[in-house]
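Peer 1: Sequence below, structure please.
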Amino acid sequence: MKALLLILVLFLISVLPASAANTSQVEGTGPARIVELYSDIKSFDVTVYSTQPEENLTIEASLVRPGRGTEEVIASQEFLTGSLPADTRVTKVGFWEIRNAERGAYTLKIRLLEQGQVLSESEYDFVYGSNSASRLQVNDLVPNSEGITVVLSPNQASLFDIEYMLVDGHDIIYRARTEKESLTSIPEAFSASWGSLLENNKEYTGRVKVQVYSPNRGFVASTENFTARDDAEITDIYEDETGASATVLGRSQVPFEGSLVFSVHKVQETSGRGSSVFVESAREKVPVLLNDDDETVEVAWRERLTEGVYRLEIELIGNDGDIIERRETIIESDLSPSNTSNVSSGAGNEASDENGGNGTPGFSIVAGVAGLAMVFALFRKLH
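Peer 2: Below is the predicted model:
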């Protein structure tokens, strides 16, 4: 019987999942709890789960440097969770500002509180500046108003997942994930576009978190701040003596609500740029654009441009009234002033030809039909 009991205990130990070596957690009695942690020397994230809706719980974070019998708190902060929906994992992000960080072991300690009462707490251990090289390293990270690009280089052939995060304060307002990416021997760039609208002139943080599976589950993270700007570019233009058009392509997740200004100047000298005389300008609003959206805007001149060479200047004006791009081209017209007057009066001459000349066609047809009808009626009466 004792042997059977011993076998049962050994079986249970073998099938129970092992906890991560660098993470420990103490559960509270409340419905909300910490389910996942990560930290390095620059940033951390904490994932909270609740079985019922919660409002504005407090996350208390401390970065601790273990010592001999004592712990040194390197940095600490606290912030509110905001709204926590029921049965939903919500991740919050925090950032450390550690100057002249020392190599060695660190511990992230997180407590989840409600009105001072601890609902859940957890710890995450990591080593900064370790001599043991990671299988992957971040060479460069560039977030901007379009999206985010990270350059990774492998120390060994690796298979990994990448999580891209757009962070506003402590909130992840957009995240995307690609799985089973691979690198063998040379660096490579990986990118993602933001799927969320951005506010013009506002600062955000771009963050990537790379998970490598082998030989042990490990993470590499990197963050970089950027200021969102409205942006667009002119990709195509068309011009002649009657008008012009420009195609504008959006280059930002800040809604572009700018305009195009078309200005025509007649060149006085045929050689070189020469001097020019202003003829006219037109300003048209560009339809609202986001990243990779494009629209074509057209304008017509008040009068067709007569014979000569003209300089066309097109300015793309941004949301704040700044000039984002300026393009110049040439319009060459062979339309003489006499041709212009003939063109403008041609429609009236055609109309008079139709109604005048050798008679009115409409009247002749009506008279002929009426005559035939009278003859037909007289013929029937005689018979």
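
Peer 1: Can you name the residues in contact with stretch 96-113?
Peer 2: 28, 32-34, 37, 39, 41-44, 46, 48, 57-66, 71, 74-75, 81, 118-130 (Cβ atoms under 8 Å, 6 or more residues apart in numbering). (Each C-beta comes from the backbone N, C-alpha and C, glycine too.)

Peer 1: Please name the nearest non-neighbouring residue to Trp301.
Peer 2: Leaving aside its sequence neighbours, Trp301 sits nearest to Gly243 (Cβ to Cβ, 6 or more residues apart in numbering; 5.6 Å).

Peer 1: which residues does the closest residue in space to Arg229 that isn't next to it in sequence contact?
Peer 2: The shortest distance from Arg229 to any non-neighbouring residue, by Cβ to Cβ, 6+ apart, is to Ser145 (5.4 Å). Going by Cβ under 8 Å, 6+ apart, Ser145 touches 194, 198, 226, 228-231, 251-254, 291.

Peer 1: per the record, what domains does the chain have?
Peer 2: 19-128, 136-227, 232-337 (automatic domain parsing).

Peer 1: okay, the ones you listed in JSON lines with mean pLDDT next?
Peer 2: Putting the domains of the chain into JSON lines (pLDDT from 0 to 100) gives the following:
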{"stretch": "domain 19-128", "mean pLDDT": "88"}
{"stretch": "domain 136-227", "mean pLDDT": "95"}
{"stretch": "domain 232-337", "mean pLDDT": "94"}
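
Peer 1: Am I right that the residue nearest to Arg229 sits in a strand?
Peer 2: No. Assigned with DSSP: H, G, I helix; E, B strand; the rest coil, Ser145 falls outside any strand and is coil.

Peer 1: Could you pull out the buried residues of the helix or strand harbouring Arg311?
Peer 2: Secondary structure from DSSP states H and E places Arg311 in strand 308-317. Of the residues in strand 308-317, those buried under the neighbour-count criterion (16 or more other Cβ atoms under 10 Å) are 308-312, 314-317.

Peer 1: Would you mind putting the residues you listed into a markdown table with distance to Phe219 alongside?
Peer 2: Listed next are the buried residues of strand 308-317 as a markdown table, based on distance: Cβ to Cβ, whole Å:
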| residue | distance to Phe219 |
| --- | --- |
| Gly308 | 67 |
| Val309 | 63 |
| Tyr310 | 61 |
| Arg311 | 57 |
| Leu312 | 54 |
| Ile314 | 48 |
| Glu315 | 47 |
| Leu316 | 42 |
| Ile317 | 44 |
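
Peer 1: What segments of this protein are helices?
Peer 2: Under the criterion DSSP state H, helices of the chain are mapped to 2-15, 337-355, 361-382.

Peer 1: Is it possible to mark the buried ones in the contacts of stretch 96-113?
Peer 2: Restricting these to buried positions leaves 28, 32-34, 37, 39, 41, 43-44, 46, 48, 57-59, 61-65, 74, 81, 119-126, 128, with burial counted as 16+ other Cβ under 10 Å.
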